[in-house]
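**Q** Next one to model:
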Amino acid sequence: MIQEVFLAHKDILIKFGVTFIIAFIIGLERELRGKPYGVRTSLLVTGGAMIFTYLSLMMDPNEPARIAAQIVTGIGFLGAGIILVDKSNHIANLTTAASIWFSASVGMLIGFGEFFIAVVGMIFAVISGRLPSLWMEKEIKKTERKVLK
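**A** Okay, here's the model as predicted:
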């Protein structure tokens, strides 16, 4: 009986597994850098987008873009709500909002069954979060060497 249930839902179980792994890696990269958008939020945003996309395909396989378009709008609204501008016109949480939006797109890819593109998206998210830090570390070391000479 349990085996029949798993076999009947194999597709969505695989999508949940892939979503968990990819969202966890994206969220962990941000959490390790002390960013507010971490593992839990990444899992929920990516997983939610995957579920809505999967439902979209189930409900109307001929017109899945309808619900998908609403995901993009909803995530954009969520992201816009966390962007802050202080009195000195300093913008905060812009990268966090972009990360939420990007993770939702990865969840949509998984929901549509595009696992390879989702993995490439995960790699892109992790590298894009690390490159500026790595570059800055390199520049700081160059400056330190010049100062020490």
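**Q** ok, Gln70 to Gly34 distance?
**A** Going from Gln70 to Gly34 by Cβ to Cβ, to the nearest Å gives 32 Å. All C-beta spots, glycine's among them, are computed from the backbone N, C-alpha and C.
**Q** Counting neighbours, go ahead and name the busier of these two.
**A** More neighbours surround Gln70 than the other of Gln70 and Gly34, with 12 against 7 (other Cβ atoms under 10 Å).
**Q** quick one: pLDDT of the more buried one?
**A** Listed pLDDT for Gln70 reads 88.
**Q** How is it assigned, secondary-structure-wise?
**A** Secondary structure, DSSP: H, G, I helix; E, B strand; the rest coil: Gln70 is helix.
**Q** Ignoring the adjacent residues along the chain, who's closest to it?
**A** Nearest non-adjacent residue to Gln70, counting by Cβ to Cβ, 6 or more residues apart in numbering: Phe52, 7.7 Å away.
**Q** residues near the one you found, how many?
**A** Phe52, neighbours per other Cβ under 10 Å, totals 19.
**Q** tell me which element it is part of?
**A** helix 39-59 (DSSP states H and E).
**Q** And that helix, what's buried?
**A** Judged by neighbour count (16 or more other Cβ atoms under 10 Å), helix 39-59 contains these buried residues: 39, 41-43, 45-54, 56-57.
**Q** Ok, stretch 101-114 next?
**A** For stretch 101-114, burial by neighbour count (16+ other Cβ under 10 Å) applies to 101-113.
**Q** Just checking, which helix or strand of the protein averages the lowest pLDDT?
**A** Within the chain, no helix or strand scores below helix 115-148, which has a mean of 78 by mean pLDDT, DSSP states H and E.
**Q** A strand includes Asn62, no?
**A** No. Counting by three-state DSSP, Asn62 is not part of a strand but coil.
**Q** For it, report the pLDDT, please.
**A** For Asn62, pLDDT reads 87.
**Q** And for it, the neighbour number?
**A** 6.
**Q** so what's it up against?
**A** If you count contacts by Cβ atoms under 8 Å, 6 or more residues apart in numbering, Asn62 has none.
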